[in-house]
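> Sequence and predicted structure are below.
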Amino acid sequence: MPLIKHTPHKSSMGIQANIVILIIWFGGFVVSLIEPIAMFAFAVPFVILFLEKDSNLVRSHAIQAISLYIINIILSILLTVIPFLVFLFFIVAIVELALIVVAAFKGWYYHEYELPLIQPLAKWVSSVFLRV
């Protein structure tokens, strides 16, 4: 997909869209680090997705963040159930952090960004949650 740059704008929440994108990505990541509530990291982008009415850029980043955190939950369960794969926790965390940093950086400059390997799930999440 070619890089699409949006003009700087405010979200429907009254905050600059790039700030909301940072909240989506890093808010979810911070929640994922807090052990008792780590499984609810998707709640941060999920809430923003339903609050945002105007900015397609914010909505697309929120959908991708929800998808990434759903995949993170599934991988965490699999890595917990299969004991000899526990060493992969570190690798999964590094990859997730790298994806979050790149997506947040792109969002900060009002660029749409498709996370590699996450986009098919993001399209499914979009079709389920954004039916009109």
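Perfect, thanks for sending it.
> show me where this protein has helices.
17-22, 28-33, 43-51, 56-81, 88-108, 119-129 (DSSP state H).
> and residue 4, which of those is closest to it?
helix 56-81 (8.6 Å; C-beta to C-beta). Glycine gets a C-beta too; all of them are placed from N, C-alpha and C.
> Could you report the distance from the most centrally placed residue in the chain to residue 33?
The structure's the chain has its C-alpha centroid closest to residue 65; by C-alpha atoms, centre = their mean the separation is 1.2 Å. To residue 33, residue 65 is 15 Å away according to C-beta to C-beta, to the nearest Å.
> ok, now residue 81?
For residue 81 relative to residue 33 (C-beta to C-beta), the value is 21 Å.
> where does this protein dip in pLDDT?
1-3, 129-132 (pLDDT under 70).
> Distance to residue 5 for the helices of the chain - can I get that in JSON lines?
What follows is the helices of the chain, written out as JSON lines (distance: least, C-beta to C-beta, whole Å):
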{"stretch": "helix 17-22", "distance to residue 5": "12"}
{"stretch": "helix 28-33", "distance to residue 5": "24"}
{"stretch": "helix 43-51", "distance to residue 5": "21"}
{"stretch": "helix 56-81", "distance to residue 5": "10"}
{"stretch": "helix 88-108", "distance to residue 5": "10"}
{"stretch": "helix 119-129", "distance to residue 5": "19"}
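> Contact partners for the residue nearest to the centre of the chain?
Neighbouring residues of residue 65 by C-beta atoms under 8 Å, 6 or more residues apart in numbering: 24, 25, 28, 42, 44, 45, 103.
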